[in-house]
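K.L.:
task: produce atomic coordinates for the following.
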Amino acid sequence: MALKVVVVGAGVIGAACAFHAASAGLDVTVVDRGPVGAGTTSRGEGNVLLSDKEPGPELALARLSRALWDEAGQELGARSFELEAKGGLVVATGAEGLTALRAFAARQEAAGVRTEPVDRVRDLEPHLAPGIPGGVHYPQDAQVQPVLAAAALLRAAVRRGARHRTGEVTGAVTGRGGRVTGVRTADGRVLPADAVVNAGGTWGGEVGRRLGAPVEVLPRRGFVLVTEPLPPMVRHKVYSADYIANVASSDAGLETSCVVEGTPGGTILIGASRERVGFDTAMSPAVVARLAAQACRLFPFLRAVHLIRAYRGFRPYCPDHLPVVGPDPRVPGVVHACGHEGAGIGLAPATGALVTAHLLGRPWRGADPAEHTGLLPDRFLHPEGGPK
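P.N.:
Here you go, the predicted model:
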């Protein structure tokens, strides 16, 4: 009989876990209190990036994920979720920054990332501001439409036999030795399970607590601006080199760095901000103005372009900036797949494959648990099993 798996969360991470687990022949049920991709997934830009990741556990997962996004595009239809292999261009605004950027790129190249130093950045992006001394082109960077991607993966999982339920998980049912045997939902149902995957996104910490296996996942608010539709003006995902430092920062205060990219619909997306303000959803005109000003300095033509909206959401942030992926030693049967911060869209397919590998007890679709031990939840635990 197939292993029964309940995936808590129908964002892109949960959908990817369901897709891979169902593809492996497991009996999968996905449960979420809201629609597909309605949480953090719907508030992202759709980044599939190698360019912003230091060599280490996250970059290793990102490299696998990049290949799996291409496989998903071939299997599900790249146009169905707007997969674009557009490449990324990271630019430095000064000589010192350019030196640091190219040293960073050299470390990435040694880890298997394709990098191309660029002196004449306006050859790649003609509308960039003059005077930018150079940058690095990352041809493997790509883009998806996040909600479409989550929906496509979940539809494919359902075609493979998975079920999708609406409901809020309130706790775990456990049996002998404290092992999970199911989950309870707010309407009183019990969904039987041999394993439960915590794909709760920003709420991954709370989901873990309800399952008896809390993990430290905190919200980090971010804003994205959207312009009116335009003819093609920005060819790549373009961002300033300070974005890399901001992604790796643990500061609680506001940080902004310029990220600009076009979409198939003609709109231009402008980011990115980061601040730890709990779950405060308030609009911040000051953050919007700051992001807009930074984008206009990078692409002066934007000064004459209208913004049509600004949206914001919460990145699921872990203190060490790495996701938590793997079985929890405190509650047998609980497997975490959360804490991806702003990289969840890009890392989703590899996370789903790695979770499936943990469930199967063997490698799956290029994901080998023995190669990704740096993402396990026990890194946050004392030897006696309590949180550090």
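K.L.:
any stretches of the stretch 151-300 of the chain with poor pLDDT?
P.N.:
For the stretch 151-300 of the chain, the stretches flagged by pLDDT under 70 are 243-252.
K.L.:
tell me where it has strands.
P.N.:
163-166, 169-174, 180-185, 190-192, 195-198, 218-227, 237-240, 255-262, 268-274 (DSSP state E, counting those that start in this stretch).
K.L.:
quick check: domain ranges of this protein?
P.N.:
Listed by automatic domain parsing, the domain ranges of the chain are 4-76+146-217+320-380, 88-139+218-317.
K.L.:
give me the pLDDT for the residue most central in space within the chain.
P.N.:
Closest residue to the average C-alpha location of the chain: Gly344 at 1.1 Å, with Cα atoms, centre = their mean. On pLDDT, Gly344 comes in at 97.
K.L.:
the chain should start at 746 in everything you say after this.
P.N.:
Shifting the count to begin at 746 puts that one at Gly1089.
K.L.:
which residue packs closest to it, ignoring adjacent ones?
P.N.:
Leaving aside its sequence neighbours, Gly1089 sits nearest to Ile758 (Cβ to Cβ, 6 or more residues apart in numbering; 5.6 Å). Using the backbone N, CA and C atoms, a C-beta is placed for each residue, glycine as well.
K.L.:
which parts of the stretch 946-1095 of the chain are helices?
P.N.:
For the stretch 946-1095 of the chain, applying DSSP state H, counting those that start in this stretch gives helices covering 949-955, 987-993, 1030-1043, 1089-1105.
K.L.:
just send these back as TSV, with distance to Gly933 too.
P.N.:
Listed next are the helices of the stretch 946-1095 of the chain as TSV, based on distance: least, Cβ to Cβ, whole Å:
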stretch	distance to Gly933
helix 949-955	15
helix 987-993	42
helix 1030-1043	42
helix 1089-1105	27
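K.L.:
nearest to Arg865, out of these?
P.N.:
Checking the helices of the stretch 946-1095 of the chain against Arg865 by Cβ to Cβ gives helix 1030-1043 as the closest, at 16.1 Å.
K.L.:
how much does the closest one deviate in direction from strand 963-972?
P.N.:
60 degrees (axes from the mean of the first three to the mean of the last three Cα atoms, to 10 degrees).
K.L.:
what's helix 1030-1043 packed up against?
P.N.:
Helix 1030-1043 is packed against strand 963-972, strand 982-985, strand 1000-1007, strand 1013-1019, strand 1052-1062, with contacts defined by 3 or more Cβ pairs under 8 Å, 6 or more residues apart in numbering; DSSP states H and E.
K.L.:
the ones you listed: which one's closest to Ala783?
P.N.:
Distance to Ala783, taken as Cβ to Cβ, is lowest for strand 1052-1062 among the helices and strands packed on helix 1030-1043, at 10.5 Å.
K.L.:
direction included, what does the closest one pair against?
P.N.:
strand 963-972 (antiparallel) (DSSP bridges).
K.L.:
now Gly818, nearest residue through space, not along the chain?
P.N.:
Leu828 is the one closest to Gly818 (Cβ to Cβ, 6+ apart), at 4.5 Å.
K.L.:
and if you look at Val1022?
P.N.:
Going by Cβ to Cβ, 6+ apart, Val1022 has Arg966 as its nearest residue, at 5.3 Å.
K.L.:
just the helices of the stretch 946-1095 of the chain: most buried one?
P.N.:
Comparing the helices of the stretch 946-1095 of the chain by mean neighbour count (mean count of other Cβ atoms under 10 Å), helix 1089-1105 ranks first with a mean of 28.
K.L.:
now that helix - C-alpha only, CSV.
P.N.:
Output in CSV follows, covering the C-alpha atoms of helix 1089-1105 (Å, rounded to 0.1, in the frame of the first residue of the first chain):
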residue,chain,number,x,y,z
GLY,A,1089,10.8,29.8,-2.5
ILE,A,1090,9.6,30.1,-6.1
GLY,A,1091,12.9,29.2,-7.5
LEU,A,1092,13.7,26.5,-5.0
ALA,A,1093,10.2,24.8,-5.2
PRO,A,1094,10.9,21.9,-7.6
ALA,A,1095,14.1,20.8,-5.9
THR,A,1096,12.4,21.1,-2.5
GLY,A,1097,9.6,18.9,-3.7
ALA,A,1098,12.0,16.4,-5.1
LEU,A,1099,14.1,16.4,-1.9
VAL,A,1100,11.0,16.0,0.4
THR,A,1101,9.9,13.1,-1.8
ALA,A,1102,13.4,11.5,-1.5
HIS,A,1103,13.2,11.8,2.3
LEU,A,1104,9.7,10.1,2.2
LEU,A,1105,10.9,7.3,-0.1
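K.L.:
packing partners of that helix?
P.N.:
So helix 1089-1105, by 3+ Cβ pairs under 8 Å, 6+ apart, packs with helix 757-768, strand 792-793, helix 802-821, helix 891-904, strand 1069-1072, strand 1079-1083.
K.L.:
mind putting the ones you listed in a markdown table, mean neighbour count and distance to Glu1000 included?
P.N.:
Shown next, in a markdown table, are the helices and strands packed on helix 1089-1105 (neighbours: other Cβ atoms under 10 Å; distance: least, Cβ to Cβ, whole Å):
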| stretch | mean neighbour count | distance to Glu1000 |
| --- | --- | --- |
| helix 757-768 | 32 | 24 |
| strand 792-793 | 26 | 17 |
| helix 802-821 | 20 | 19 |
| helix 891-904 | 22 | 22 |
| strand 1069-1072 | 25 | 23 |
| strand 1079-1083 | 28 | 22 |
